[in-house]
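1. Could you look at this predicted model? Sequence included:
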Amino acid sequence: MTNRKSVLSVVAVIVTLAILFSACRKINEATTVGGDLIPPVDNINTFDTLVDVTGFNDTFSFVNDSQYLARGEEYFLGLINNDPFFGKTDARMFLEFKPFAYGVYPFARPDSVKIDSIVLVLDHLENYGDTLTPQLINVYEINNGSSFRFDSAYLIRKENVTYNTAFPLSKPGQFFIPKNLKDTSKAFRDTTTHQLRIKLDTNFARRLFNYDTSNAYKSDSIFRERFRGFAIRSESSGNAIMGFDPGGASKLAIYYRYPKRNSAGAMDTTVNYFFFTTLSASANYIKRDYAGSPLEASVGGTTPDPFLYIQTSPGSFATLKIPGLSTMSNRVVHRAELIVEQQYDVSDSLFRVPNILYLDAFDPSITSGKKYRAIPYDIPFSFGQPNFTSPIFGLASQVISDGAGNRVNTWKFNITRYVQHVFTKTQTAYDLRLYAPFTVSNKYGTPPTASDPNTNFNLNPAIAKGRVRLIGNNGPGDTNPRRMRLRIIYSKL
């Protein structure tokens, strides 16, 4: 989770500086009528115009999305069965737990042991969705034939392992309410909050006791031959996903009693743990199912979409076109910002907006590899990372009123330098892409060339959570004041 802390700090800087920047701005942002003259700035006549921006929905797939998840990230588990705009989500986790050390027997005494219980404990971080609907959680054993390794990262769009769903390791009928995971759990030597505790069949615990230092606990490679790991999934009518930290307080707890020495009939109670270690494999599978949803119905059309549906990785995106931009005459651009606003729905209280939306550009001149690049001139890079220490780009949203008493989010992407270069004919006008990526992979170069290197960086703090329905633009004649638009504040030459 450490590599995400820096991302969250960056987001805080963006928001803080954006507030300061907007408070100091001299241009009247309340002006919304295209072509109006607004109050002079430093004795310069400054004009304000709006340019139509149309959007077309699409979804990521294996063809255009290769998102991997490292072992130190937040993992998700659960089912969303009824998002009114984005359909269903099925999140499954695959984790490997290990003894504390090899070459030693991990339990107190193997003889005359009375096993009380065995519990898979998952360190809970957060919920996303309807937290009141119970979910049935089952645990299965990953097949030995699966290639499941600690030194590999796995695609989140692919279920990378196999397991037999006919023989669960978990005890049947274990329903959990996501909201209750924040409550205190009381157990022997382990009383704390934010735990998902799944009871397993004690026959599996007996297997672990029957192993010894020659046939299992001698080395990690030998132990992996005996036990490859857990497949954990929800199998009921849930409507939320739950976030967990495998590397935090997650563990496999085996509770048992054994005879006290020199005390006839007396028993000692203890617990032993297997942990998610640096040698543990992990994977998170996120399945999106858009069948019958408004998002699915909007994909593939040739007319602009009235609503844009953006879902965090692995999710969806919108292609944005600004046909009028390349035909405008040269002028001095003081500010050019792409404005997109959320359309309120009651389900937004359950399914929160993404932490960050991102805008990049489709470059048809790139002949191989990824054809997307950072917006030219508006995102400076240093040592392969974007410079987001100033509020110039607008990744984080602002909260506004939609005029009907609802609080909604709006994003204002500052693409001033890019637009200025389009006006001076030193830059091609690109189609743009709006999405909510976990990580970004863009070509970067100033000025851009087809041979520019690829740059990768982290953006949103987690996969899977976050979606938003944005107001689109029907093109010329759309009079909705909240429509998607490019606002340009300029002076004539």
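-> Thanks, I have the structure now.

2. Do you have the helices of the protein handy? List them.
-> Under the criterion DSSP state H, the chain contains helices at 2-24, 202-210, 220-226, 294-298, 416-423.

3. Comparing these by mean pLDDT, which bottoms out?
-> Mean pLDDT per stretch puts helix 2-24 lowest among the helices of the chain, at a mean of 42.

4. contacting residues for Thr59?
-> Contacts for Thr59 (Cβ atoms under 8 Å, 6 or more residues apart in numbering) come out as Arg288, Tyr290, Leu295, Val299, Gly315, Ser316, Phe317. Every C-beta, even on glycine, is put in place using the N, C-alpha and C of the backbone.

5. got a list of what the fourth one touches?
-> Taking Cβ under 8 Å, 6+ apart as the contact definition, Val299 lies against Asn57, Asp58, Thr59.

6. Just give the number of residues close to the first one.
-> Yep, that's Asn57 we're talking about. 22 (other Cβ atoms under 10 Å).

7. The spatially closest residue to it that is not a sequence neighbour and Phe56, how far apart?
-> Once flanking residues are discounted, Asn57 sits nearest to Ser298: 4.4 Å by Cβ to Cβ, 6 or more residues apart in numbering. Separation of Ser298 from Phe56 (Cβ to Cβ, to the nearest Å): 8 Å.

8. shared neighbours, those two?
-> Jointly contacting Ser298 and Phe56 under the rule Cβ under 8 Å, 6+ apart are Asp305.

9. before we move on, back to that, for Ala264, state which of the contacts of Val299 is nearest.
-> Within these, the smallest distance to Ala264 is 68.2 Å, found for Thr59 (Cβ to Cβ).

10. Could you give the bridge partners of that closest one?
-> Beta-bridge pairing for Thr59 (DSSP bridges): Ser316.

11. Kindly report the same for Phe230.
-> Legend: beta-bridge partners of Phe230 under DSSP bridges are Leu95, Glu141.

12. so what's it up against?
-> Going by Cβ under 8 Å, 6+ apart, the list of residues near Phe230 reads Met93, Phe94, Leu95, Glu96, Phe97, Leu120, Val139, Tyr140, Glu141, Ile142, Leu169.

13. Isn't Leu486 up against Val51?
-> Yes - counting by Cβ atoms under 8 Å, Val51 is a contact partner of Leu486 at 4.2 Å.

14. so what sits against both of those two?
-> Common contacts of Leu486 and Val51, defined by Cβ under 8 Å, 6+ apart, comprise Ile322, Leu325.

15. quick one on the thing from earlier: among the contacts of Thr59, name the buried ones.
-> Buried members of the contacts of Thr59, scored by 16 or more other Cβ atoms under 10 Å, are Arg288, Tyr290, Leu295, Gly315, Ser316, Phe317.

16. so can I have a markdown table of these showing distance to Ile339?
-> Output for the buried ones among the contacts of Thr59, formatted as a markdown table (distance: Cβ to Cβ, whole Å):
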| residue | distance to Ile339 |
| --- | --- |
| Arg288 | 28 |
| Tyr290 | 27 |
| Leu295 | 22 |
| Gly315 | 22 |
| Ser316 | 20 |
| Phe317 | 18 |
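
17. Of Leu486 and Val51, which one has the most company?
-> Using other Cβ under 10 Å as the criterion, Leu486 and Val51 rank with Leu486 on top: 22 against 17.

18. What distance do you get for that one to Arg226?
-> 61 Å.

19. Can I get the contacts of Val299 in TSV including distance to Asp220?
-> Listed next are those as TSV, based on distance: Cβ to Cβ, whole Å:
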residue	distance to Asp220
Asn57	46
Asp58	43
Thr59	40
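
20. Go through those residues and say which is closest to Gly87.
-> Comparing those against Gly87 with Cβ to Cβ places Thr59 closest, at 10.5 Å.

21. care to break the chain down by domain?
-> For the chain, automatic domain parsing gives the domain ranges 2-53+306-491, 68-289.

22. per-stretch mean pLDDT over those domains, give me the minimum one.
-> Looking over the domains of the chain, mean pLDDT reaches its minimum on domain 2-53+306-491, with a mean of 84.

23. distance between that domain and the chain's centre?
-> How far domain 2-53+306-491 lies from its chain's middle: 19 Å, per Cα atoms, centre = their mean, to the nearest Å.

24. Closest one to Tyr377 out of the contacts of Thr59, please.
-> So of the contacts of Thr59, ranked by how close each gets to Tyr377 (Cβ to Cβ), first place is Phe317, at 22.3 Å.

25. how about the nearest residue to that closest one once chain neighbours are set aside, what does it touch?
-> Here the nearest residue to Phe317 in space, its sequence neighbours aside, is Tyr435; by Cβ to Cβ, 6+ apart that works out to 3.7 Å. Residues near Tyr435 by Cβ under 8 Å, 6+ apart: Ile310, Gly315, Ser316, Phe317, Ala318, Leu357, Tyr358.

26. What residues are bridge-paired with the first one?
-> Taking DSSP bridges as the rule, Ile310 bridges to Val468.

27. Please shift the residue numbers so they start at 253 in all later answers.
-> All right, first residue 253 from here; so that's Ile562.

28. residue contacts, the residue lying closest to Gly397 once chain neighbours are set aside?
-> Nearest residue to Gly397, sequence neighbours excluded (Cβ to Cβ, 6+ apart): Thr414, at 6.9 Å. Thr414 makes contact with Ile394, Asn395, Gly397, Ser398 under the criterion Cβ under 8 Å, 6+ apart.

29. and those residues, which two are the farthest apart?
-> Ile394 and Gly397 (9.3 Å).

30. Which residue of those two possesses the greater neighbour count?
-> Neighbour count, other Cβ under 10 Å: between Ile394 and Gly397, Ile394 has more, with 22 against 9.

31. gap between the more buried one and Arg540?
-> Per Cβ to Cβ, Ile394 is found 23 Å from Arg540.

32. likewise Ala516?
-> Ala516 is 61 Å from Arg540, where distance means Cβ to Cβ.

33. tell me which residues in the longest strand seen in the chain are buried?
-> Longest strand in the chain by number of residues (criterion: DSSP state E): strand 366-382. The neighbour-count check on strand 366-382 (16+ other Cβ under 10 Å) flags 367-382 as buried.

34. for stretch 540-550, same thing?
-> Buried positions in stretch 540-550, judged by neighbour count with 16+ other Cβ under 10 Å: Arg540, Tyr542, Ser545, Pro546, Leu547, Glu548, Ser550.

35. That'll do, ta.
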